[in-house]
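Student: Sequence and predicted model, in that order:
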Amino acid sequence: MDSRKSRRNTESHAAGSAKASAIVAANPGAELERRVARLEFAEGALTRLRVPIRVAADPGRAILTDLDILALDIDNRLRLARSILESKSGRGQSGEPDRLLWLSGLQRFVNADRAVLVRQTITQRGRLVATQLGVQIIDVATIASRETAHAWLPARFAHVDGPGCASIEARADTQLKGLAQVPGNLVGFLRYEALLSSSYRCLNALQALRTASDVGGTLPQPTATVLAGHALLTLIVAALQDAGSLDTVRIEDMRERVERAVTLGEPDSDRILSLLGRADDVVRTFVERLHAAYVGSGAQRQEITGPSLRDLVADPPSWLDRYIDLVQKLRANPAVARQLPQTAELACFDALAGDSNYRADAFNHLFTPEHRYLLAVAIKCLHDIAGRQIGANVDPALDLDFSRSAPLIPDRTQPTDGSHDASPPPRTARQVSEIPEPPAG
């Protein structure tokens, strides 16, 4: 059994490495994109490579363009900042101003907080144009200089062209073509658009995923693990956005907004409920007239209570309390909560993908008991929103080693030797509901 598992892991890594090599061969700029994404991750951001931007359009024309790198930064007040980074590996000055103008427009289109153009060389004209547009421009020499302070990070991991992640994502793509019950738009949202979307769109997507998985039966592997990993990150990003607003939004108001968002699709308006309330009044009026007519004809009145349209639509989701609890726990520990997306990324798309890069010393600070506790709370909430079938596929993330801590005097300039144990620890499914709460204080 162990030999078969080892062989499968080897084949998985080989497939992932082949895909990564193919990307680099087909696009010389892919290696620069990987380096920039790795650097952003090293400095605290959750990163994604080659993110498509979709718009409502005719079939075959939905993808408008793509982002070379999307980075999501979270500060100690849990405020989210989104960055888009464009990498150009070609030399020369040709197209520099045009690319800056294009990037500035794209920044406004996706509502990003920061836009960065990375080029081999930068001209004085390019710096002036970038300053005028409010766009940053960095040359490759600067990137290389910053990389020396983060040499201890693995070269590839998770969605930073990690071989295991590339392998399971590619296999999931193949399987999803035969799974009509899982809409392609939903998969695309969970993979990419969730990092650019509001918390309410994220929560609605998770509910849609539950419906799709319940209707279609058991999902095959690794598609189930891939979708569950993206769903967990979608939930964490949504909860962090809401947690970051707790300083100015009362928890009661947030509860109402979330309830309206998932039942009505409009978090800031109850006009649909008002209309349904009026419809209930009209129905009651006609029912009373009908009763009066029967009584006037000598019939005995029969009291029959019909359902209220307003109450049927406004019924709050059963998972609302669990979600609000997650939001409050994240806000109570922002120093750890801000790192939770990176922890979930490495757990789901490196460790559970069969890689061992997550064990690098550079990631020790992301695998502490506090990280495990918040991750467990998020996974419990995922069970409630997206369903048991989805949540169970990320349960094994809690069996990883979370007893680590950052070294007192780390040597960040020493490259990783890649000697981490190639096989992750046993991934027995743990009943998340049995995980104890941490002691008070």
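Tutor: Received, thanks.

Student: Tell me the neighbouring strands of the longest strand seen in the chain, and mark each as parallel or antiparallel.
Tutor: Secondary structure of the chain per DSSP state E: the longest strand is strand 63-74. Here strand 63-74 has these sheet partners by DSSP bridges: strand 46-54 (antiparallel), strand 80-88 (antiparallel).

Student: quick one: low-confidence ranges for the stretch 251-400 of the chain?
Tutor: Judged against pLDDT under 70, the low-scoring parts of the stretch 251-400 of the chain cover residues 265-288, 290-291, 295, 302-315.

Student: got it, and the stretch 101-250 of the chain?
Tutor: Using pLDDT under 70, nothing in the stretch 101-250 of the chain is flagged.

Student: at 90 instead, please
Tutor: Low-confidence regions of the stretch 101-250 of the chain, defined here as pLDDT under 90, cover residues 180-181, 214-218.

Student: the helices in it, which residues?
Tutor: 124-133, 140-147, 163-176, 184-191, 199-216, 223-244 (DSSP state H, counting those that start in this stretch).

Student: what do you get for the stretch 251-400 of the chain?
Tutor: Using DSSP H, counting those that start in this stretch, helices in the stretch 251-400 of the chain cover 251-264, 271-296, 309-314, 320-332, 334-337, 340-346, 369-386, 388-391.

Student: just these: most buried one?
Tutor: For these, the largest average neighbour count (mean count of other CB atoms under 10 Å) is found in helix 340-346, namely a mean of 25. No exception for glycine: its C-beta is placed from N, CA and C like everyone else's.

Student: Spatially nearest residue to residue 198, not counting backbone neighbours?
Tutor: residue 241 (7.0 Å; CB to CB, 6 or more residues apart in numbering).

Student: so who does that neighbour touch?
Tutor: By CB atoms under 8 Å, 6 or more residues apart in numbering, the contact set of residue 241 is 80, 198, 199.

Student: okay if I get those as CSV plus neighbour count and distance to residue 110?
Tutor: Converted to CSV, these look like this (neighbours: other CB atoms under 10 Å; distance: CB to CB, whole Å):
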residue, neighbour count, distance to residue 110
80, 18, 13
198, 14, 13
199, 27, 17
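
Student: Now distance to residue 263 too, for these, in CSV please.
Tutor: Listed next are these as CSV, based on distance: CB to CB, whole Å:
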residue, distance to residue 263
80, 25
198, 16
199, 15
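
Student: thinking again about what came up before, looking at the helices of the stretch 101-250 of the chain, which is nearest to residue 32?
Tutor: helix 140-147 (7.1 Å; CB to CB).

Student: now that closest one against strand 80-88, angle please.
Tutor: Helix 140-147 and strand 80-88 are oriented at 130 degrees to each other (axes from the mean of the first three to the mean of the last three CA atoms, to 10 degrees).

Student: and helix 140-147, what other elements does it pack with?
Tutor: Secondary-structure packing of helix 140-147 (3 or more CB pairs under 8 Å, 6 or more residues apart in numbering; DSSP states H and E): helix 30-42, strand 114-119.

Student: Minimum distance to residue 146: which of these has it?
Tutor: helix 30-42 (5.9 Å).

Student: buried sites along the closest one?
Tutor: 30, 32, 33, 34, 35, 36, 37, 38, 39, 40, 41, 42 (16 or more other CB atoms under 10 Å).

Student: ok, now stretch 162-174?
Tutor: 162, 163, 164, 165, 166, 167, 168, 169, 171, 172.
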